[in-house]
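Asks: Turn this into a structure:
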Amino acid sequence: MGAPGTPPRATPSTPDPRPAPARSPGALPGTESLTWDDLTDAALHAADHLGIEHFAVLGVSSGFPIAYRLAQQHPDRISDLMLFGAAPRPGPRLTALIHEGLRRETDSEPPDRDRGRATGAVPGAGSAPDPRSHREVAERLVSVLTNPQASRHCLMIRAAARVMLTQLTASPQDPLVRYIADRGHLLLTTPLPPGGVRSVRALVGVGEHDTVTPVDNNRAVDATIDDATFIVMKNADHLLHMERDADFADVITRFLHHRPLTTPDTVTTPSNTPPTRS
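Replies: Prediction:
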């Protein structure tokens, strides 16, 4: 899992224990789901299984609560923490969409649920969804997770949104049900835990056009970490790891090698203010 040339104690590890979703496959609404701590333990178990004692951890979007908890709960194991697209809580538009997804999951017809238990599909994964309705739901989800206005003048933002839309519409699952099953619903349950992060060097970054986790939200997360640097990437949105993949990789490499982060495409701010504890 280590990238060539990274420091021995900075093996990159992405805490994304896919393909298992946060809600067990076929589980009905109201049944017990995995928690952020469960997913954190799963990520640590993966590192243990691979024999990795110390590693750098990267959390993007809904992966940030897992990465944050790893650094908070196991600072002796984490050499560096990198968070992108983080927020203390989901914004109003995303919160409303998550609740709608939960309602759609609850309202899924019993045959779909029975088929989900038999096949391992998540609830709401009908075999023949209405194409127009399916695409309309996918488009609404993409419009919340990306910045349509910024995409009008930035080709890479528009391309990343199109990739997401293509993936969602290609799946037989209801796009919203799929989203909430894969950690989306957990965003309603304390994505940013109290207590902050100490003793771990950190980088918090965000795209300047991010509307789902705006700059101020990422600054709020940054303020809870004792040793953090905050960076804003120009001409990027919430999917900055897809929109600016080469620049994204360059920022991570610079951070891991303790090189200057400020480039013509980034704005870097050291965190000199006392962290805000919740």
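Asks: For the stretch 51-200 of the chain, which segments are assigned as helices?
Replies: Shown for the stretch 51-200 of the chain, the helices assigned by DSSP state H, counting those that start in this stretch span residues 64-73, 92-106, 110-119, 131-145, 148-151, 155-170, 175-181.
Asks: Give me the distance between the closest residue to residue 57 other than its chain neighbours and residue 162.
Replies: Nearest in space to residue 57, with sequence neighbours left out and distances taken as Cβ to Cβ, 6 or more residues apart in numbering, is residue 67 at 4.6 Å. (Each C-beta comes from the backbone N, C-alpha and C, glycine too.) According to Cβ to Cβ, to the nearest Å, residue 67 stands 27 Å off from residue 162.
Asks: the more surrounded of the two?
Replies: Neighbour count, other Cβ atoms under 10 Å: between residue 67 and residue 162, residue 67 has more, with 28 against 13.
Asks: For that one, list the residues it contacts.
Replies: 15, 57-59, 81-83 (Cβ atoms under 8 Å, 6 or more residues apart in numbering).
Asks: By neighbours, which of those wins?
Replies: Neighbour max across the contacts of residue 67 (other Cβ under 10 Å) = residue 57, 30 neighbours.
Asks: Specify the beta-bridge partners of that one.
Replies: Counting by DSSP bridges, residue 57 is bridged to residue 13, residue 81.
Asks: hang on, it packs against residue 82?
Replies: Yes - here residue 57 reaches residue 82: they are 7.0 Å apart, a contact under Cβ atoms under 8 Å.
Asks: okay, now residue 68: neighbour count?
Replies: Neighbourhood size, residue 68 [other Cβ under 10 Å]: 29.
Asks: For it, give me the pLDDT.
Replies: For residue 68, the model assigns a pLDDT of 98.
Asks: From residue 252, how far out is it?
Replies: Taking Cβ to Cβ, one finds residue 68 at 17 Å from residue 252.
Asks: which stretch of helix or strand covers residue 267?
Replies: For residue 267, the host element (DSSP states H and E) is strand 266-270.
Asks: do the same with residue 227
Replies: Judged by DSSP H and E, residue 227 forms part of strand 225-233.
Asks: Sheet partners, orientation included, of that strand?
Replies: Sheet partners by DSSP bridges: for strand 225-233, these are strand 197-207 (parallel), strand 266-270 (antiparallel).
Asks: Please identify the deepest-packed of the ones you listed.
Replies: Of those, the one with the most neighbours on average (mean count of other Cβ atoms under 10 Å) is strand 197-207, at a mean of 23.
Asks: Tell me how far that one lies from the chain's centre.
Replies: Chain-centre distance of strand 197-207: 15 Å, with Cα atoms, centre = their mean, to the nearest Å.
Asks: how big is the angle separating it from helix 64-73?
Replies: 160 degrees (axes from the mean of the first three to the mean of the last three Cα atoms, to 10 degrees).
Asks: Quick check: mean pLDDT of strand 197-207?
Replies: pLDDT averaged over strand 197-207 gives 96.
Asks: State the next helix or strand along the chain beyond it.
Replies: helix 215-222.
Asks: next one: that following helix to chain centre, how far?
Replies: Put simply, helix 215-222 sits 15 Å off its chain's centre (Cα atoms, centre = their mean).
Asks: pull the CA atoms of it into CSV?
Replies: What follows is the C-alpha trace of helix 215-222 in CSV, where atoms were taken according to Å, rounded to 0.1, in the frame of the first residue of the first chain:
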residue,chain,number,x,y,z
VAL,A,215,-14.3,26.4,3.0
ASP,A,216,-15.6,27.5,6.4
ASN,A,217,-16.8,24.0,7.3
ASN,A,218,-13.3,22.6,6.5
ARG,A,219,-11.8,25.4,8.6
ALA,A,220,-14.0,24.4,11.5
VAL,A,221,-12.6,20.9,11.3
ASP,A,222,-9.1,22.2,10.9
